[in-house]
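Asker: Have a look at this fold, sequence not included:
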């Protein structure tokens, strides 16, 4: 009987020592409750508690924790639907607040990030949302830091993993891009036709100018030729007048010469059937002079 009592006492001693000694691993902190109320927080290493009164209520991880934020649909300011998800890195610096301040800090932070992300992207247009990932990340961290601080948690960073248009939006954008390419091709073709028409018009204009210049030059040369011919005629009349000394006879002579030449050309024409010559050519020429 005495041996049995000694054995029970020995087991009770060992159990008491076991319950009174707590070893906390690195990266954790234990929250101790005494009679159902928060008592203290055990840091990593060897710790002692009062057996049967103190209990380890929570084992809290103090290393950085990554929270994967599920993908969700977000509507932008210009009513475009995009898909986005993120990952948040947090660290618990006050374990009692983390376990007593919120029922489940992981779910709470996940919901908070999703809500803030919808709010931030909802204030941006589609193009800004797709090209401003760093700005969204910064604003998202600022938006949730104050809220999670009340839970004894620090947000190290929030990274936007994906931000892209929804499948329906992608199809609409592809159709829009195809329509834009078609429009540009039509504009390019029209501009090509316009340039060709302009070149053709300029070519026709240049040809008309050159033709006019050619006609002008020809007329000018023809006028010069007539002036030269008139000078030659005047010179001839002057010489004939000087040689004969009569004022009417030279003109009669030259007119008669032209008259004879005209009659000769008329007789050589294929349409001429009969040529009638005056019997007195000299009088006929004088008649032309009104004499």
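Answerer: Looks like it arrived, so ask away. Model, not experiment: these values are computed from the prediction.

Asker: For the rest of this, base every contact and every neighbour count on C-alpha atoms.
Answerer: OK.

Asker: Surely residue 56 touches residue 34?
Answerer: No: counting by Cα atoms under 8 Å, residue 56 does not reach residue 34; the two are 9.0 Å apart.

Asker: residue boundaries of the helices in the chain?
Answerer: Using DSSP state H, the helices of the chain run over 2-20, 95-100, 105-122, 126-131, 133-149, 167-244, 249-268, 281-289.

Asker: same for the fourth one, what does it pack against?
Answerer: Helix 126-131 sits against strand 153-165, with contacts defined as 3 or more Cα pairs under 8 Å, 6 or more residues apart in numbering; DSSP states H and E.

Asker: just checking, what packs against the strand it packs on?
Answerer: strand 81-92, helix 126-131, helix 133-149.

Asker: quick one: contacts of stretch 33-50?
Answerer: For stretch 33-50, the external contacting residues (Cα atoms under 8 Å, 6 or more residues apart in numbering) are 19-32, 53-57, 95-96.

Asker: Compute the distance from the centre of it to the centre of its chain.
Answerer: 63 Å (Cα atoms, centre = their mean, to the nearest Å).

Asker: What's the end-to-end length of it?
Answerer: 11 Å (Cα to Cα, to the nearest Å).

Asker: tally of neighbours for the nearest residue in space to residue 109 that is not next to it in sequence?
Answerer: Among residues not flanking residue 109 along the chain, residue 148 sits closest, at 7.3 Å (Cα to Cα, 6 or more residues apart in numbering). As a burial measure, residue 148 scores 21 neighbours (other Cα atoms under 10 Å).

Asker: Cross-check the contact I'm expecting between residue 148 and residue 110.
Answerer: No: the criterion here is Cα under 8 Å, and residue 148 misses it with residue 110 at 11.0 Å.

Asker: can you list the weak-confidence ranges in the stretch 101-250 of the chain?
Answerer: In the prediction, the stretch 101-250 of the chain carries residues with pLDDT under 70 at positions 240-241, 244-250.

Asker: same thing but 90
Answerer: Scanning the stretch 101-250 of the chain for pLDDT under 90 picks out 126-133, 146-147, 161-178, 181, 226-227, 229-250.

Asker: what separates residue 82 from residue 162, distance-wise?
Answerer: With Cα to Cα as the criterion, residue 82 and residue 162 are 10 Å apart.

Asker: Please disregard the earlier target; I meant residue 113.
Answerer: Counting by Cα to Cα, the gap from residue 113 to residue 162 is 14 Å.

Asker: With neighbour numbers in mind, choose between these two.
Answerer: Using other Cα under 10 Å, the more surrounded residue of residue 113 and residue 162 is residue 113, with 23 against 15.
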